[in-house]
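Participant: sharing a model prediction with you, sequence too.
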Amino acid sequence: MERPFSAYKGDDPYIFVSYSHDDAALVYPEITRLKEHGFNLWYDEGIAPGLTWRDEVALALTQCKVFLYFITPRSVSSSNCLKEVNFCLSRERKILSVYLENTDLPVGLELSLSDMQAIIRVDHSAEAYQQKLSDSLKSLLPDILEPTTVSNRQPITSEPSIAILPLVNRSSDPDNEYLCDGISEELIGGLAGVEGLKVASQLSSFAFKNQNIDVAVMGEKLKVEQILSGSVQKSGNRVRISVLLSRVEDGVSLWSKRYDRELEDIFELQEDVARQVIDALKIELGADDGKRLLDVGTQNAQAYEMFLAGLHEARKGTRKSLNQAITNFLQATQMDPEFARVYWWLYFCYWRQIGVGQSRTEMEPKADEALSRAEAAGFLPPVPWIKARRDLYPETRPDLRALAIEAGEKIRHPEPGWRLFEYIQLGDCLIAAGFNHGACDYYEYYLDRVQHDLSATWILPRYRYLLQQVGRFDKAIDLTTEVIAQEIGFGERACLYSRTGQYEKAEQDLTAIHKVNPKPGIADFYYLYWRRELDASKLTWIEDHEPQYKCQACFLLGDLDGGINHLEEEIRRGVHPAVFRSNIGAMLPRSILRSVEAHPRFQAILKQFGIDDTWCEKLRVMANDLRDVTGIYVQPDDDY
């Protein structure tokens, strides 16, 4: 029987429809009426060719707001339907059962559904049944934002658009990857500053690293008209770069060139590539025609190469890689003491060392000196200077009320030095208050508009956690996959795959992790936990993990007091409430999270930060008073 419509794909709340394929003649009229009444519906029509059935269904089940189960003798004997019901129960989805025919449930299924809403069609007239079904679904779905809400997305423009893909390493030495990524990043950053040209973000472009995908497919995903690709081959002090500019529409090559240069000529090489792209796209540079498009901050090629090597290590974020990055950056400063970007990254690495367990007493002075050097050298940071110092010295951070007021004032009266960071600051206040959907909107407002490199901040990782908290696991997986292109993130994605029931994919990521570090970690624990192998998960747990991971593990295993002990340890280290609420909320199922949040000791922690019902409502009102500027409406969160 022909399917009546396409399964829903989008960010709005949707209903997962479970039914036996033998009941298509009964079910399709039902879901057609629901769609006509404005409900978003996902059913197995949404499985694309080539995708694993189990993974696609598991992800759709994890993200749905309501599980609608059409019960007939065929559906209760269907192994697929029973798998969907059991998975739905394990992920704590809201369930509405509709008996299309008189059906005796198996004892186990009857017990599982005993506390869930149910509608028996034969007990109602056709009109009354349809109304009851509609009302029941509406009661289970979260409120939809008012249609008058102003979109916080940037309007689509007709300006030329381009994505710069990460250049492929053609060198015999795999360690030269840092140079490929560095050149790609400089081209992205330089072209992003050209007025009248839309450039896909580095985060988006790097998702296609080392992937052999058709230009048209990449263009559609990145929403650009042109794609710049190429390769780098380094041998000793010589470098060969080949670049190709392709039109997405038909794959036609607009321009290509191969450069053979000494590494000392890297600055002129990069500048030449950028200008050739501008010429090929026929973009007028106007009065700034003589200005360099790519200003890397130094004219010392050796310092620049050492900086790129440090950048590659810093982004991995481990204690070992941070130490190596610091070594590289310090060597770069010796080669060029005026290289301002290096000092910012030194600050970031020293600060991150505190987060991975290094002595604050030892790291603080080094981070402070690096920060002062970056500021004195005129570096323009991705966050306000005052924010960087508040992170380094948590005791100087104002309370949440003051931070929210400060952010609100900056939203009304923007300051160039803040570079829209006020939206992130207010978003963090909303996270602390438990308004995750509103916080996600504020983060997305910011991320849609910024052009600077956010690698040396915590903004992108917290956004990925926010996506998990609002139930957008698919998007969180996509963003984590983009991070993996830079050789990090396998653990985070393994956790996401485990959470969404995509266990084979989780196993592949765990294998990649264990090739580097065979020691079990939080990703192994999380995988076994969601497989419901709790005894095995306990055996994987190792006590030398960071407090935030020990906190999460204790909560998942039911040791609330133990988890709060570790949480209090984190707070003594200066963790912002937005951080610990984000970390906990992203990793715990709702039933456990509610138990944690209701615990008297957790409530006392919130009170310590001034977070109570009165303050939360005042914050929501204040955020909504800014709606004429932001276009964002904040409402209380539902259980995702």
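Facilitator: Received the coordinates, thanks.
Participant: got the buried residues for stretch 362-382?
Facilitator: 363, 366-368, 370-371, 373-375, 377, 379, 381-382 (16 or more other C-beta atoms under 10 Å). For every residue, glycine as well, the C-beta is placed using N, CA and C.
Participant: and the contacts of it?
Facilitator: 297, 338-341, 343-344, 346-347, 350-351, 353-354, 385, 388-389, 392-393, 419, 421, 450, 452-454, 456-457, 459 (C-beta atoms under 8 Å, 6 or more residues apart in numbering).
Participant: pick the one among the buried residues of stretch 362-382 closest to Leu96.
Facilitator: Pro382 (45.5 Å; C-beta to C-beta).
Participant: how close does the closest one get to Ala367?
Facilitator: 16 Å (C-beta to C-beta, to the nearest Å).
Participant: nearest to Gln63 among the buried residues of stretch 362-382?
Facilitator: For the buried residues of stretch 362-382, the nearest to Gln63 is Pro382 (30.6 Å; C-beta to C-beta).
Participant: per-residue confidence at that closest one?
Facilitator: Per-residue pLDDT puts Pro382 at 89.
Participant: confirm that it sits in a strand.
Facilitator: No: if the criterion is DSSP: H, G, I helix; E, B strand; the rest coil, then Pro382 is coil and not within a strand.
Participant: not counting its neighbours along the chain, what's nearest it?
Facilitator: Spatially, and ignoring its direct neighbours in sequence, Pro382 is nearest to His452 (4.7 Å; C-beta to C-beta, 6 or more residues apart in numbering).
Participant: which residues touch that neighbour?
Facilitator: Counting by C-beta under 8 Å, 6+ apart, His452 makes contact with 189, 380, 382, 419.
Participant: that one: what secondary structure?
Facilitator: Under three-state DSSP, His452 comes out as coil.
Participant: can you give me the domain assignment for the protein?
Facilitator: Following automatic domain parsing, one finds the domains of the chain at 15-140, 161-296, 303-379, 415-630.
Participant: let's have those in a markdown table, adding mean pLDDT and distance to Glu409.
Facilitator: Listed next are those as a markdown table, based on pLDDT from 0 to 100; distance: least, C-beta to C-beta, whole Å:
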| stretch | mean pLDDT | distance to Glu409 |
| --- | --- | --- |
| domain 15-140 | 92 | 36 |
| domain 161-296 | 83 | 28 |
| domain 303-379 | 92 | 23 |
| domain 415-630 | 90 | 8 |
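Participant: need the ones you listed in JSON lines with distance to Ser6, can you?
Facilitator: Putting these into JSON lines (distance: least, C-beta to C-beta, whole Å) gives the following:
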{"stretch": "domain 15-140", "distance to Ser6": "6"}
{"stretch": "domain 161-296", "distance to Ser6": "17"}
{"stretch": "domain 303-379", "distance to Ser6": "38"}
{"stretch": "domain 415-630", "distance to Ser6": "17"}
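Participant: tell me which of those lies nearest to Leu403.
Facilitator: Using C-beta to C-beta, these put domain 415-630 closest to Leu403, at 5.8 Å.
Participant: do me a favour and get the end-to-end distance for the closest one?
Facilitator: Length of domain 415-630, first residue to last, C-alpha to C-alpha, to the nearest Å: 16 Å.
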